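Engineer: any chance you could fold what I've pasted below:
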Amino acid sequence: MKHFFSAGVRRQPPLGRSLQAAAMLCLGVAGLVGAPLPKPYGPVPSPGQLAWHNLELYGFVHFTVNTFTDKEWGYGDESENSFNPTDFNADQIARTFQEAGLKALILTCKHHDGFCLWPSQFTKHSVKNSSWKEGRGDVVRELSEACRRHGLQFGVYLSPWDRNHAEYGRPAYVDYYRQQLRELLTQYGTVSELWCDGANGGDGFYGGARETRKIDASKYYDWKATWALAYQLQPKLVVFSDAGPQIRWVGNESGEAGDPCWATYTPHGLKGAEPAPGLTEYREGFHGHRDGQFWMPAEVDVSIRPGWFYHAAEDARVRTPENLLKLYFQSVGRGASLLLNVPPDRRGQIHENDVAALRGFKQRLDAIFTDNLAAGAQAVPSNVRGQDRQFSADNVLDSDRETFWSTEDGITQPALELRLARETTFNVLSLREYLPLGQRVDEWAVDRWGNGQWIEFARGQAIGNRRLWRGENQTTSRVRLRVVKAPVCPAIAEFSLHFDPK
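Structural biologist: Residues are numbered from 1 along each chain as shown. Below is the predicted model:
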């Protein structure tokens, strides 16, 4: 295990020390003349992972020959001319994502069929041999530039499996894969995420051989070297797969993270083998591991339609805004991130039904989260670390993830009361931890004051990047957060109250 991850993810203890020092600088004199910063607990996120956590909600774009052949997985023998969008509009796609509140876009630059959405110099099976734009089109370039215009980060999916390439299953293909990875990571600006799945080998066209080819997925791609190349070309990149190394698969495509869903994780290979994409006990990604060896948070990937590519027969089966909101609460609301696939249609645009669903989803999010009903409250903690204002309970109300409330090292079950200006009705809670110090809270509970006593109405395990609770209406002027169980003092960055009108 240690050897497998050594090239892709730096060991966490040194990283924790560097982040601790950086956090001290961000907090000014804290830790230098005031109370010291709490020591990090367990694995901690890298700067790239912290940036990824800040996204929370972003989009997937599945678009290739399958869009026009009405398939989900192409065989690899499709004509290049089958890819021919009638009115491709990268700005419409990026603008739709941006207006829906999505923060990034990951494009399937090459799916299992091997067709490349950019004019790769290493294959004929690409847009350069399509009749679309007379072979002068480049979907990757247009979408990456549209993302920058609309303030979105851009990520790439390059399928490890290639049912078109004659050399797949042989050593020459791995060099081909890396050459294409180099093209994508050097010609299209900053790339925030590299998405790798576990589909490896099977029947295919393979340059006309039309046969079944199997590989040893644990060794064939030499992922350690392949990912090292990716980091060299894009140092801020994070890599997703069911084996990480930065971001893990949640283990399903239904849009749900486990409750709890720990950011820490130790991937386990099948039958005791080293973990690799397609060869892990991926179901363990649903909850993660409280005692996990690595900071490897979950990404929840799900499609807005039954399929991942556009099919006209599914136009009436687009998820509703209410269903998308449910997915948000059971992914982002459990500390994971939500990767929502929205596939372009045969024009090369997001279909109006999908646009309407995304707009409705954004309206629902805005209705709930635009106003923090705890704003202006008096924060009354049971303890403050060193009585230092840098760790003041007021920090949970400032909407800044870089400030937090903390307690003395020995105070691991503190309470924080919010005294509201007036009786307030809410039905949504939002909690966050300060991630550079690790995931510190095992169990929490929230009470309201009523009839002269505290009444518990919410309880859960894990907080992490974000923890949302949605339930029955609560009306009170006093709310209390209790850390029920924690191995170390907490570092709480947010405690806010919201109202879902529906």
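Engineer: if I pick the residue positioned nearest the centre of the chain, what's in contact with it?
Structural biologist: Closest residue to the average C-alpha location of the chain: Ser337 at 3.6 Å, with Cα atoms, centre = their mean. Counting by Cβ atoms under 8 Å, 6 or more residues apart in numbering, Ser337 touches 52-53, 55-58, 247, 297-300, 331, 465. All C-beta spots, glycine's among them, are computed from the backbone N, C-alpha and C.
Engineer: of these, buried ones?
Structural biologist: Buried subset of the contacts of Ser337 (neighbour count, 16 or more other Cβ atoms under 10 Å): 52-53, 55-58, 247, 297-300, 331, 465.
Engineer: mind listing which of those are in helices?
Structural biologist: Residues of the buried ones among the contacts of Ser337 located in helices (DSSP state H): 52-53, 55.
Engineer: if we can go back for a sec, which residues does the residue nearest to the centre of the chain bridge with?
Structural biologist: With DSSP bridges as the criterion, the beta-bridge partners of Ser337 are Glu299.
Engineer: tell me how far it lies from Gly255.
Structural biologist: Ser337 sits 12 Å away from Gly255, going by Cβ to Cβ, to the nearest Å.
Engineer: what ranges do the strands span in the stretch 1-150 of the chain?
Structural biologist: Using DSSP state E, counting those that start in this stretch, the strands of the stretch 1-150 of the chain run over residues 57-61, 104-110.
Engineer: now those as TSV including mean pLDDT and distance to Pro43?
Structural biologist: Converted to TSV, the strands of the stretch 1-150 of the chain look like this (pLDDT from 0 to 100; distance: least, Cβ to Cβ, whole Å):
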stretch	mean pLDDT	distance to Pro43
strand 57-61	98	23
strand 104-110	98	24
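Engineer: out of the ones you listed, flag the one nearest Leu435.
Structural biologist: strand 57-61 (17.2 Å; Cβ to Cβ).
Engineer: that closest one vs strand 104-110, what angle?
Structural biologist: 20 degrees (axes from the mean of the first three to the mean of the last three Cα atoms, to 10 degrees).
Engineer: strands paired with strand 57-61, and their directions?
Structural biologist: Here, using DSSP bridges, strand 57-61 pairs with strand 104-110 (parallel), strand 337-341 (parallel).
Engineer: out of those, which is the most enclosed?
Structural biologist: The highest average neighbour count among those, using mean count of other Cβ atoms under 10 Å, belongs to strand 104-110 at a mean of 26.
Engineer: outside of that one, which residues touch it?
Structural biologist: With Cβ under 8 Å, 6+ apart as the criterion, strand 104-110 contacts 55, 58-64, 93-94, 97, 116-118, 139-140, 143-144, 147, 152-159, 162, 180, 184, 192-193, 195, 339.
Engineer: can I assume His287 is in contact with Tyr265?
Structural biologist: No: in this structure His287 lies outside contact range of Tyr265 using Cβ atoms under 8 Å: 9.2 Å.
Engineer: comparing the two, which shows the higher neighbour count?
Structural biologist: Higher neighbour count among His287 and Tyr265: Tyr265, with 26 against 20, using other Cβ atoms under 10 Å.
Engineer: contact partners for the more buried one?
Structural biologist: Counted by Cβ under 8 Å, 6+ apart, Tyr265 has contacts 244, 248, 284-285, 288-289, 292-294, 296-298.
Engineer: reformat those residues as CSV; add distance to Gly76.
Structural biologist: Formatted as CSV, these follow (distance: Cβ to Cβ, whole Å):
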residue, distance to Gly76
Gly244, 28
Arg248, 29
Glu284, 32
Gly285, 29
Gly288, 36
His289, 38
Gly292, 38
Gln293, 38
Phe294, 35
Met296, 32
Pro297, 34
Ala298, 31
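Engineer: ok, these vs Asp87, which is closest?
Structural biologist: Ala298 (36.6 Å).
Engineer: Ala336 is in contact with that closest one, correct?
Structural biologist: Yes: if you go by Cβ under 8 Å, Ala298 and Ala336 touch, sitting 4.1 Å apart.
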